[in-house]
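**Q** Sequence first, then the predicted structure:
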Amino acid sequence: MLKPYETAQPERSEIDGLPGVVAVDFGTNWCGHCNGAAADIAEALAGFPQVKHIKAEDGPGRPLGRSFRVKLWPTVVVLKDGAEIGRVVRPAAPDELRKILQEAAA
């Protein structure tokens with residue numbers, strides 16, 4: 001079973017302070033687009049075990065998603081040492097995210 005989106009979220013300052021590569025995956029457990037993309041996101045991340053994957057539930061009143069200007073779900077933001085490397089919105093295949101992860105890991 002795939003990991004659900006977490007309602008408890010870290011503060012933006014915690015995310016920005018994480019060392020290495022971090023993938024912050026914004027969405028909700030009831031979102032059809034999120035459920036449809038979950039396997040592709042998991043497949044892309046499987047090739048990068050060193051990447052910290054944070055699944056953050058997004059929606060009204062969720063400051064973490066707003067701080068990243070998330071508009072559509074799922075949105076996966078890839079950071080390296082707190083700096084955004086890239087993002088994928090509604091990925092349709094693992095390769096979209098995999099390309100950004102390769103860039104971040106370089």
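**A** Noted; the coordinates are in hand. Numbering: from 1, shown residues only.
**Q** Residue 28 against residue 59, yeah?
**A** Yes. The pair residue 28 / residue 59 is scored as a contact, 6.3 Å apart, by Cβ atoms under 8 Å. Bear in mind the C-beta positions are built from the backbone N, C-alpha and C, glycine included.
**Q** Checking the most centrally placed residue in the chain next. Helix, strand or coil?
**A** Nearest to the geometric centre of the chain sits residue 25, at 2.2 Å (Cα atoms, centre = their mean). Three-state call for residue 25 (DSSP: H, G, I helix; E, B strand; the rest coil): strand.
**Q** Any buried residues in the helix or strand hosting residue 40, and which?
**A** Assigned by DSSP states H and E, residue 40 belongs to helix 32-46. Residues 34, 37, 38, 40, 41, 44, 45 are the ones in helix 32-46 that count as buried (16 or more other Cβ atoms under 10 Å).
**Q** could you say what helices and strands it packs with?
**A** On a contact count with 3 or more Cβ pairs under 8 Å, 6 or more residues apart in numbering; DSSP states H and E, helix 32-46 meets strand 21-27, helix 94-105.
**Q** contacts for the shortest one?
**A** If I follow you right, that is strand 21-27. 5, 15, 33-34, 41, 45, 48, 50-58, 64-65, 68, 70, 73-80, 85, 97, 101, 104-105 (Cβ atoms under 8 Å, 6 or more residues apart in numbering).
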